[in-house]
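# Would you be able to build a 3D model of this:
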Amino acid sequence: MNLKPLHDRIIVEPAKAEETTGGGIILPDSAQEKPQRGTVLAVGPGKTLDSGEKAPIDIKAGEVVLYGKYGGTEVTVGGIDYVILRADDVLGVVTETKVKAGKK
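Numbering: from 1, shown residues only. Okay, the predicted model is just below:
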């Protein structure tokens, strides 16, 4: 990827939009919701504070994040769609938990 985020920005590869409903109905492109989840590919060095120090970013490459439906800027590089977000636009980091079989 030839795209490098600056300052407090991150580059996210959005998850694929749902193409079918839970009942199996196939949704046309115009009816599909924009994904609000994606995988972080790159993280900038952090925002420069008034004191000259860099504010670290808590998000790391490889994490799956949630962001606002209309947040960030969509760009296409090499035929692949990406979203460039400020770290503040990220609503949360998704952590998968495994449920043990047989326990409720």
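# The most centrally placed residue in the chain: which element?
Of all residues in the chain, the one closest to the mean position by Cα atoms, centre = their mean is Gly38, 3.5 Å from it. Under the assignment given by DSSP states H and E, the secondary-structure element containing Gly38 is strand 37-43.
# other SSEs contacting that strand?
Using 3 or more Cβ pairs under 8 Å, 6 or more residues apart in numbering; DSSP states H and E as the contact criterion, the neighbours of strand 37-43 among helices and strands are strand 9-14, strand 64-67. Every residue, glycine included, has its C-beta placed from N, CA and C.
# and with 10 Å instead?
The criterion is 3 or more Cβ pairs under 10 Å, 6 or more residues apart in numbering; DSSP states H and E, and the helices and strands that strand 37-43 contacts are strand 9-14, strand 64-67, strand 80-86, strand 90-94.
# Contacts only, for the residue nearest to the centre of the chain.
With contacts defined as Cβ atoms under 10 Å, 6 or more residues apart in numbering, the neighbours of Gly38 are 10-16, 63-67, 72, 81-83, 85, 90, 94.
# let's see it at 7 Å
Residues near Gly38 by Cβ atoms under 7 Å, 6 or more residues apart in numbering: 12-15, 65, 83.
# What residues are bridge-paired with it?
According to DSSP bridges, Pro14, Val65 are recorded as the beta-bridge partners of Gly38.
# Roughly how far does the closest residue to Val12 other than its chain neighbours sit from Ser51?
In space, and not counting its chain neighbours, Val12 is closest to Gly38: 3.9 Å by Cβ to Cβ, 6 or more residues apart in numbering. When Cβ to Cβ, to the nearest Å is applied, the distance between Gly38 and Ser51 equals 32 Å.
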